[in-house]
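**Student:** Turn this into a structure:
(2 chains)
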Amino acid sequence: MKRPPAWPIHAALCVVSFFMLLPFYWVLKTSLTGENIFAYPPSLLPVAPHPFFYVDVWYYIPFVRYFLNSVIVSAMVVAANVILNAMAAYALTRGFRGRKLVILLLLSCMMIPFQTTLIPAYLLTGKLGILNTYLGLALPMFSTIVCIFVFKASFDAVPRSLVDAARIDGLAEWRIIWKIMLPLSTSAVATNVILSFIWSWNNFLWPLVVTRDPLLQTLPLGLARFLSYHENTTGALYAFCILVLAPGILLFLLAQKEFIRGLTSGATKG
Amino acid sequence: MDHAAAGPALRAPARPGARAGAKRRREAALAWLLLAPALAVFLLYRIIPLGWNAILSLQEWSPFKPAVWVGLDHYREMLTEDPTFWEALANTLWFTASAPVGIAIALGIALLVNTDVRGRDVYRTFVFISYPLMTVAVGIIWRWMLDERVGLFNYALRSVGLIEQPIPFLQSFELALPSVIVANIWQIVGFYMIILLTGLQTIPRNLYEAAAIDGASARQQFFRITLPLLRPSLFLCFVIGVMSSFTSFDLVYVMTNGGPGHSSELLVTYLYKAGFEMTRFDYAAALTVVQFALLVALTWIGNKASGGDAGAVERG
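**Tutor:** Residues are numbered from 1 along each chain as shown, chains lettered A, B, ... in the order given. Next up is the predicted model:
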């Protein structure tokens, strides 16, 4: 078969990549120079770059505090997801009465996106007395149905005889999960970690509703607040933006395969 | 698999019936115990809210005031006296209608990346990278790109001579919503691309070889082989697009906050405002019920239209 020339494909893909990357470049440039915030025409290349907007971020806002809040909430969510989802998935690999019903229930719960539960979820969190706490921020995301099924698929592939042998050797059930199931399901664990991390790290609407205390705010809230105070009058906003995006981009580049697999397996989660 | 047998060791004992019964009860108790924490989360944050919404939508209630049943009053108000609801609904449907545009672009990119061109992994990364990023930050980036005075878009359009005066994209009644939609497509297109790419890779190569031998043109191959076999992936993308338009909040909140007026209001931003800015939780609950019903209906239609296999990829 005759191979078509490669250059038109390269050309098209370069155009696409250009449009995908341009916004990043533009914001990075603004965060380093700020010269075009009021000036027209804007210069396309960074002129006299300086790091002062990044220093501003440090002094204008409690960046470290926001960052730590985000880390704490995400760590709680990720840990809870791995533990709760693994437990639930292990239960579903066993035969018991009502198993089909549970699966049906989980599949229908998947159809309820979090946004449609917002009002009652807020009122309920108030009733539980955990508005304005880390727990209140993290609790709704403690378990994810997609991730339960990811674990279940992986656990189902573990040979039955291995589990039976472990049980005859007198291994407790929680140790079977911990010592046999999880080590044999590293890619499912990776999917769980990545998905729950992204969802909690980027989550905006729930923290917006549930926190009043500025000291409890997470990064996306801090970013939105900064925007509402300063509009686009300072390059610090864009420096803040870059600081928020950089860890995500780095993480993505390091674990790209896992990210892509994880996100496609979580496809229908709202 | 469904009736996972109790291990062979368990069937041996002298009084199989009694022993096995006790064993089964213990197994069931253990299973429910393991399921309990996860189910509790879903009960608290999915199932109870669903019912609570329905009840709240039929009541006149606000914090510190006793609830009064008012039947369908909120729904009547929504449908007959609230133009903002209709505007938010129309905007949400426009948002949904834009999904095929994003999917078409993604299909084009997926086809390009699916060739054995060099550096395809790098291109794929470039296209996908915006998807997992924080949407609030993406909104700020796009505000800046679309800025009236010094935004790159206006600069480019003016330099080429397409426009005389800068366009206030986000302050304009006609362009605010399309601007948000463009930003949304920019963020989600990589995700569509990955799903379509996965679909493309399941199409057997020899189909194309056979078609080529039979003299089918590239065009015919695309319309007779690629598109039909890609149908499940395309519908999965569409279902995701519907979901994202009915749940999208962050982008609009940051870029326009629903304005100017309510010209870029979506159902989610409107119910947020109704609940947390106007403190009308009861009315917001009614909005949520309608939003949820529409979402279920649209997803159901999507699934039906695809022959029920829209979920095949993620369950595979």
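
**Student:** For the residue nearest in space to the middle of chain A, pull up the helix or strand it's in.
**Tutor:** For chain A, A:Ile198 is the residue whose C-alpha lies nearest the centre (Cα atoms, centre = their mean; 0.7 Å). Per DSSP states H and E: A:Ile198 is located in helix A:186-202.

**Student:** I'd like the next helix or strand past that helix.
**Tutor:** Criterion used, DSSP H and E; the element after helix A:186-202 is helix A:205-210.

**Student:** Could you export that following helix as PDB, CA atoms only?
**Tutor:** The C-alpha trace of helix A:205-210 is given here as PDB (Å, rounded to 0.1, in the frame of the first residue of the first chain):
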ATOM      1  CA  LEU A 205     -18.600  24.100  43.900                       C
ATOM      2  CA  TRP A 206     -18.700  22.100  47.100                       C
ATOM      3  CA  PRO A 207     -16.000  24.000  49.000                       C
ATOM      4  CA  LEU A 208     -17.600  27.200  47.800                       C
ATOM      5  CA  VAL A 209     -20.900  26.200  49.500                       C
ATOM      6  CA  VAL A 210     -19.500  24.500  52.600                       C
END
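
**Student:** isn't A:Ser74 right up against A:Ser200?
**Tutor:** Yes. Counting by Cβ atoms under 8 Å, A:Ser74 does reach A:Ser200; the two are 4.5 Å apart. For glycine as for every other residue, the C-beta is placed from the backbone atoms N, C-alpha and C.

**Student:** Where do the domain boundaries of chain B fall?
**Tutor:** According to automatic domain parsing, chain B comprises the domains B:8-56, B:75-315.

**Student:** Out of the ones you listed, indicate the one that is most buried.
**Tutor:** With neighbours defined as mean count of other Cβ atoms under 10 Å in any protein chain shown, the domains of chain B peak in mean count at domain B:75-315, which reaches a mean of 19.

**Student:** Let me know the pLDDT of A:Arg160.
**Tutor:** Looking at A:Arg160, its pLDDT reads 87.

**Student:** distance of it from chain B?
**Tutor:** Per Cβ to the nearest Cβ, to the nearest Å, A:Arg160 is found 8 Å from chain B.

**Student:** same deal with A:Thr116?
**Tutor:** For A:Thr116, the distance to chain B - Cβ to the nearest Cβ - is 4 Å.

**Student:** Spell out the secondary structure type for the nearest residue to that residue once chain neighbours are set aside.
**Tutor:** Excluding the flanking residues, the one nearest A:Thr116 by Cβ to Cβ, 6 or more residues apart in numbering or on different chains is B:Phe292, at 4.4 Å. Secondary structure, DSSP: H, G, I helix; E, B strand; the rest coil: B:Phe292 is helix.

**Student:** pretty sure B:Phe292 is in contact with A:Gln115, am I right?
**Tutor:** No. Counting by Cβ under 8 Å, B:Phe292 stays clear of A:Gln115, with 9.2 Å between them.

**Student:** Tell me where the stretch 1-150 of chain B has strands.
**Tutor:** With DSSP state E, counting those that start in this stretch, the ranges of strands along the stretch 1-150 of chain B come out as B:59-60, B:68-69.

**Student:** where's the last one relative to the chain centroid, distance-wise?
**Tutor:** Here strand B:68-69 is found 34 Å from its chain centre; the criterion is Cα atoms, centre = their mean, to the nearest Å.

**Student:** quick one: strands adjacent to it?
**Tutor:** strand B:59-60 (antiparallel) (DSSP bridges).

**Student:** average pLDDT for the strand it pairs with?
**Tutor:** Strand B:59-60 comes out at a mean pLDDT of 86.

**Student:** and for it, what are the contacting residues?
**Tutor:** B:Ala67, B:Val68, B:Trp69, B:Val70, B:Asp73, B:Asp282 (Cβ atoms under 8 Å, 6 or more residues apart in numbering or on different chains).

**Student:** I figured the second one hits B:Leu56, correct?
**Tutor:** So that's B:Val68. No. Applying Cβ under 8 Å as the test, B:Val68 and B:Leu56 come out as separate, 11.9 Å apart.

**Student:** how about the helix holding A:Ile198, does it reach chain B?
**Tutor:** Yes. Residues of helix A:186-202 contacting chain B under Cβ under 8 Å from any Cβ of the partner chain: A:Ile198, A:Trp201, A:Asn202.
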